[in-house]
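In: can you look at this prediction? I've put the sequence above it.
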Amino acid sequence: RAARDPHRPGFHFVSPAGWMNDPNGLVQRDGWYHLFYQYNPLAPVHSRIHWGHARSRDLVHWEHLPIALAPSDGPDVDGCWSGVFVDDGGVPTLVYSGRAGEVELACVATGSDDLVEWRKDPANPVIAAPPSDVDVTAYRDHCVWSETDAAGRRRWRQIVGSGIRGVGGTALLYESDDLRSWRYLGPLLVGDAANAPRTSPEWTGTMWECVDLFRVDGTDALVFSAWDEGVTHHPLYWTGRYAGDAFAPDALHRLDLGGRFFYAPQSMRDESGRRVLFGWMQEGRPDAAAVAAGWSGVMSLPRVVTARADGSLHQAPAPEIDVLRTEVLFDGAPTAALAQVATSPIRGDQLDLELVTPVADGERIEIAVRATEDGAERTVYVLERVDGALHFSLGRSGSSLDPETDTRPLGGEIPSDSPTAAVHVRIVVDHSALEAFVDGVPLAARVYPTRADALGVTVTGTSAAARLRAWRMAGAR
Ligand code: DQQ
């Protein structure tokens, strides 16, 4: 059933069936990339969550492996929630949130060398309760790393996602010598839930899910997903400086202009030193539609993260993905033929588009994908410069004739240092999964065209200086 659904991607990672949400335990080891993920193998609904597992040599072709963690009697009886992989002196180790009732607590499991078999630590949970002096809104998800202290001693550190009631989201900092006994040090950073209206794409929420702290090109980034009372809002990140027991923030940024369609991301440093990030592209169709289809949730493409000149993050699909470019559908300056579905040479539900173009003030470029010839269904990206500022948006009001699907507009401003520099646009289409990148700022989304002929691509509004390349993408399974 799942395999026959036209909305199921051809080269984004998906679970064999059932429900998938967050990426977990990301690591590259002996050449193999491992992707664990929040998984309900029994049904496409979020209930007793397991850890699914897959591995890949190239970040493109994935091999499904046996379920790594399943709920069992004890602190994870109701689910093995999100967490990370760490190498504990050669011993593969997972730190995850065990859920029992409504409570999540830190648990540990150790694995075989190939990361296929896992044994839960009998001492679980390794942190017995949230800190007694914090009135938490919620408490789960882990980012764990090792560092050397002033005395030259190696120690583990971890942050747990949480929120302080009446104040805002936070990441609570801990320290350990053995990953089993943890000292609470205090909040690494506390957000202000009054920083913006609740409906703002920069609202920091009442709790931070899936906290992730890393340094890239000299910038420290603290990534989190803003959550409130069961609602998954959007991923954000602070740039700033992690030093001592605190994170001094410089600026708050949106991680993805698609908001909830790129949720609960996690990153890893791979063996070549790249920072690679995955996120969960959740559904924009009703639960009943996912149940009927037999599957739910798409993993984003692996994204390589670097720093932009202004210190914010630059994201781009890992170049490994380019091996899927099979047939060149267009290469050159956009022509009049591209204005209409009937004459456009670019067509398909697995595509990769790259447009490099200047965008002058007042200029408006439109790229429609998944469009029918009669225009009954079309999904429209708009890139325009207004009063010097560059805006990128995705109109989904015409994406689907199915009135039950999410068709809210997405988008935002693209930081741009020079109004005359060429803008780099990349759009990857994979059935219902769309990922776009403008100068390294991403916009992830899901769309659900109902018509089999919703395959057209049109490009309008470009100047003679624009260069467009388009490829058909092969499937990865
Ligand atoms: N999903 C997990 C939690 C996390 C949330 C549960 C984010 O650990 O906070 O499946 O999507």
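Out: Alright, I've got the coordinates.
In: every contact and neighbour count from this point should use C-alpha atoms.
Out: Will do.
In: can you pull the contacts of the closest residue to Asp87 other than its chain neighbours?
Out: Distances taken as Cα to Cα, 6 or more residues apart in numbering put Thr93 closest to Asp87, at 6.0 Å, once the chain neighbours are dropped. Neighbouring residues of Thr93 by Cα atoms under 8 Å, 6 or more residues apart in numbering: 85-87, 108-111.
In: and for Pro449?
Out: Going by Cα under 8 Å, 6+ apart, Pro449 touches 370, 377-378, 399-402, 432.
In: how about Ser416: what's its closest non-neighbour residue?
Out: Counting by Cα to Cα, 6+ apart, Ser416 lies nearest to Leu390, which is 6.8 Å off, once chain neighbours are set aside.
In: assumed that neighbour was part of a strand.
Out: Yes - secondary structure of Leu390 (DSSP: H, G, I helix; E, B strand; the rest coil): part of a strand.
In: what sits opposite it in the beta ladder?
Out: For Leu390, the beta-bridge partners under DSSP bridges are Arg385, Ile414.
In: beta partners for Ala54?
Out: When bridges are taken as DSSP bridges, the partners of Ala54 come out as Leu35, His64.
In: the spatially most central residue of the chain: which element?
Out: Closest residue to the average C-alpha location of the chain: Gly279 at 1.8 Å, with Cα atoms, centre = their mean. Assigned by DSSP states H and E, Gly279 belongs to strand 275-281.
In: residues in contact with that strand?
Out: If you take Cα under 8 Å, 6+ apart as the criterion, strand 275-281 is touched by 21-23, 216, 260-270, 297-306, 318, 433, 444-446.
In: pull out whichever of those are also neighbours of the ligand.
Out: Among the contacts of strand 275-281, the residues lying close to the ligand (Cα under 6 Å from any ligand atom) are 22, 264.
In: so which of the contacts of strand 275-281 sit within strands?
Out: Judged by DSSP state E, the subset of the contacts of strand 275-281 located in strands is 21-23, 216, 263-269, 298-299, 303-306, 433, 444-446.
In: need the residues of the stretch 101-250 of the chain near the ligand, please.
Out: 140-141, 209-210.
In: okay, Leu105: pLDDT?
Out: Looking at Leu105, its pLDDT reads 98.
In: is it correct that it falls within a strand?
Out: Yes - assignment of Leu105 by three-state DSSP places it within a strand.
In: is Glu320 in a helix, a strand, or coil?
Out: When classified by three-state DSSP, Glu320 comes out as helix.
In: and what of Ala290?
Out: Looking at Ala290 with three-state DSSP, the answer is helix.
In: I'd guessed it sits against Gln282; true?
Out: No - assessed by Cα atoms under 8 Å, Ala290 is found out of contact with Gln282, at 10.8 Å.
In: in terms of packing, which of the two has more residues around it?
Out: Ranked by neighbour count (other Cα atoms under 10 Å), Ala290 and Gln282 place Gln282 first, with 24 against 21.
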